[in-house]
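1. task: produce atomic coordinates for the following.
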Amino acid sequence: MDIQISTPALLFSAISLLILAYTNRFLALASLIRQYAALYRENREDRVLKQIQNFDTRLKVIKMTQIFGVISFLFCVLSMFLIFINRMLFAEILFAFSLLTLFISLLLSLKELFMSIGALNIELEEIKTLNNFK
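-> Sure, this is the predicted structure:
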């Protein structure tokens with residue numbers, strides 16, 4: 001495979017936008033954690049504790065998502081540098097690793113999305129129970 005410096009450069013905007021989206025999810029989750037922690041200190045409900053446990057796991061997944069996204073970005077930059085200094089074999093290998101880590105980051109993001117849906121289901125179960133509907 002023969003790659004040019006523009007090939008890894010194409011990933012720059014995509015990875016940057018993904019990292020921004022991951023950061024926004026992190027900030028939203030951090031806000032929810034603060035709200036639910038205060039709520040749990042007030043009335044120690046099971047539902048609130050389940051949400052906090054879900055948030056804890058999601059926070060770990062988001063952290064790994066961000067780490068793999070940043071690693072992908074770094075491999076992409078290094079790949080461009082290696083192309084610049086004409087070390088094509090190493091550039092191609094690092095570009096492949098960049099794609100692999102980006103793939104892992106996207107899979108983790110998908111996992112966190114399903115966990116987020118799980119958190120919403122906890123809230124819906126409470127409403128269903130209170131209103132006797134299925």
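2. any weak-confidence spans in this protein?
-> Along the chain, segments meeting pLDDT under 70 span 1, 133-134.
3. which helix is the longest one in it?
-> helix 88-131 (DSSP state H).
4. run the chain-centre distance for it.
-> Here helix 88-131 shows a centroid-to-chain-centroid distance of 6 Å under the convention C-alpha atoms, centre = their mean, to the nearest Å.
5. same thing with stretch 50-60?
-> 14 Å.
6. repeat that for stretch 47-60.
-> On C-alpha atoms, centre = their mean, the centre of stretch 47-60 falls 16 Å from the chain's centre.
7. ok, residues contacting it?
-> Around stretch 47-60, the neighbours that count as contacts under C-beta atoms under 8 Å, 6 or more residues apart in numbering are 26, 29-30, 32-33, 36-37, 39-40, 112, 115-116, 118-119, 122-123, 125-126. Using the backbone N, CA and C atoms, a C-beta is placed for each residue, glycine as well.
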